[in-house]
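>>> Requesting a structural model of the entry that follows:
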Amino acid sequence: MDDSAPLRIMLVTDAWEPQVNGVVRTLSRTVSECRAMGHDVEVIHPGMGFRTFPLPTYPEIKMAIGARDELEKRFKEFEPEAIHIATEGTLGQAARAICLKWKLPFSTSYHTKFPEYVHARMPLIPVAAGYWFMRRFHNAGNRLMVATPSMRDLLEERGFNNITPWARGVDTEIFHPDKRHMGGESVYADLEGPIFVYIGRVAVEKNIEAFLDTELPGTKVVVGPGPQLEELKAKYPDVVFKGNKSGDELARHFADADVMVFPSFTDTFGLVILESMATGTPVAAYVANGPKDIIPGSKAGSVNDDLRVACMEALEMKREDCRAYAEGYSWRSCAEEFVRNLKPQPRPERRRFWRRLRRLGRRG
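All right, here's what the predicted structure looks like:
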């Protein structure tokens, strides 16, 4: 593949704006950077007029139904040179079926520990069943992109094939140490310090209660929306819940904290880890996929099987070391790696394929 030649890239995803999560941020920033590099990117997502239904237990996520015919039409109109299926939902399933039917190469990516995620919400569904589904989905593709070495190792042990790294980035302009005490006051000014904050979706698979049950000095804060928000508010009256934040306001909630706590075991990376570090705030986490790849040796946080130990160690970290570490990540390098990982057809073959498909369509 000629890395310098612009590509027509089709990205199919069940997760897209206005959803607020790490998957959407990763995909939207990657698309923006790819377009800035000259690539033509067509994003297929549930908000494009498809009939949808809310995902059970997670109504913010909409699943498209009956999308196969429209998706085939969009394939033919765009004539993609490379196809990436980012998620395993209904649109991802439809795109996978089309690629297999037409013998088109495609890549996929692994963003969430889906089997563990489903099991956390629906305990009657065994983790092994989730991995069977995910393995069947991803092994049909030509390349599977994962964020960290530990996720690569885990998936290889589970029988996944053709795995390649795809790192993440952070916006070091939005998430900046200058956001700390902007205007001379902290967003936590009325709270007793030190401030330990969780920032992200408030949902059962994020394991937030492990943080809220941990004995710590100062004040615990939760920032973010999600289906578990009201339940946790009622259960933990001494915890401060700030709700959903975005833009500069979100950056300030990172920057003004003393430690950002990341208790999840189901994330494959954890973008909020880098966003926190970029503002100068160290991160405390369990020894889990994502944190154990990013944090050890960074001087920007601590991982430990005892979350309290990780929190207290992170509290001693220097803020300038956190910022310096985050500056080593960029969205441009993330997008460049994404493009290198794609599996386009050789140019002569792809031109012949779409011409032949158009002729068959006219005859039909």
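
>>> buried set for stretch 308-318?
Of all the residues in stretch 308-318, those buried under the rule 16 or more other Cβ atoms under 10 Å are A310, C311, M312, E313, A314, L315, M317. All C-beta spots, glycine's among them, are computed from the backbone N, C-alpha and C.

>>> Cross those against strands and list the overlap.
Judged by DSSP state E, strands contain none of the buried residues of stretch 308-318.

>>> could you dump those residues to CSV with pLDDT?
As requested, the buried residues of stretch 308-318 are exported to CSV (pLDDT from 0 to 100):
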residue, pLDDT
A310, 98
C311, 98
M312, 98
E313, 98
A314, 98
L315, 97
M317, 97
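
>>> Please narrow the residues you listed to those residing in helices.
A310, C311, M312, E313, A314 (DSSP state H).

>>> possible to save those as JSON lines with distance to K103?
Shown next, in JSON lines, are those (distance: Cβ to Cβ, whole Å):
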{"residue": "A310", "distance to K103": "49"}
{"residue": "C311", "distance to K103": "52"}
{"residue": "M312", "distance to K103": "56"}
{"residue": "E313", "distance to K103": "53"}
{"residue": "A314", "distance to K103": "50"}
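
>>> tell me the secondary structure for R96?
helix (DSSP: H, G, I helix; E, B strand; the rest coil).

>>> Quick check, it in contact with N139.
No. Between R96 and N139 no contact is recorded; they are 10.9 Å apart, counting by Cβ atoms under 8 Å.

>>> Between those two, tell me which one has more neighbours.
Comparing R96 with N139 by other Cβ atoms under 10 Å, the one with more neighbours is R96, at 21 against 13.

>>> what does the model give that one for pLDDT?
Note on R96: pLDDT of 97.

>>> And it, how far from A140?
According to Cβ to Cβ, to the nearest Å, R96 stands 6 Å off from A140.

>>> give the contact list for N139.
G159, F160, N161, N162 (Cβ atoms under 8 Å, 6 or more residues apart in numbering).

>>> helix/strand/coil for M145?
Going by three-state DSSP: M145 is strand.

>>> swap that for A15, sorry
Under three-state DSSP, A15 comes out as coil.

>>> Let the chain start at 18 from now.
Okay, using 18 as the starting number, the last item reads as A32.

>>> any idea how far F70 is from the nearest residue to it once chain neighbours are set aside?
Of all residues not flanking A32 in the chain, V40 sits nearest, at 4.6 Å (Cβ to Cβ, 6 or more residues apart in numbering). V40 is 19 Å from F70, where distance means Cβ to Cβ.

>>> Next: N159.
N159 is 31 Å from F70, by Cβ to Cβ.

>>> least trustworthy helix or strand in the chain by mean pLDDT?
Across the helices and strands of the chain, mean pLDDT, DSSP states H and E gives its lowest value to helix 364-380, namely a mean of 64.

>>> coming back round to it: closest to L24 out of the contacts of N156?
N179 (19.5 Å; Cβ to Cβ).

>>> Go ahead and confirm the closest one touches M162.
No. Using Cβ under 8 Å, N179 is not in contact with M162; the gap is 9.7 Å.

>>> neighbour-wise, which of those two wins?
M162 (24 against 14).

>>> For the nearest residue to that one once chain neighbours are set aside, the count of nearby residues, please.
The shortest distance from M162 to any non-neighbouring residue, by Cβ to Cβ, 6+ apart, is to W183 (3.7 Å). Applying other Cβ under 10 Å, we find 24 residues neighbouring W183.

>>> Let's see stretch 273-280 as CSV, backbone CA atoms only.
Output in CSV follows, covering the C-alpha atoms of stretch 273-280 (Å, rounded to 0.1, in the frame of the first residue of the first chain):
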residue,chain,number,x,y,z
ASP,A,273,-8.4,21.0,39.3
ALA,A,274,-8.4,17.5,40.7
ASP,A,275,-5.5,16.0,42.7
VAL,A,276,-5.9,12.5,41.4
MET,A,277,-8.1,11.0,38.7
VAL,A,278,-9.3,7.5,39.6
PHE,A,279,-9.9,4.9,36.9
PRO,A,280,-11.4,1.7,38.5
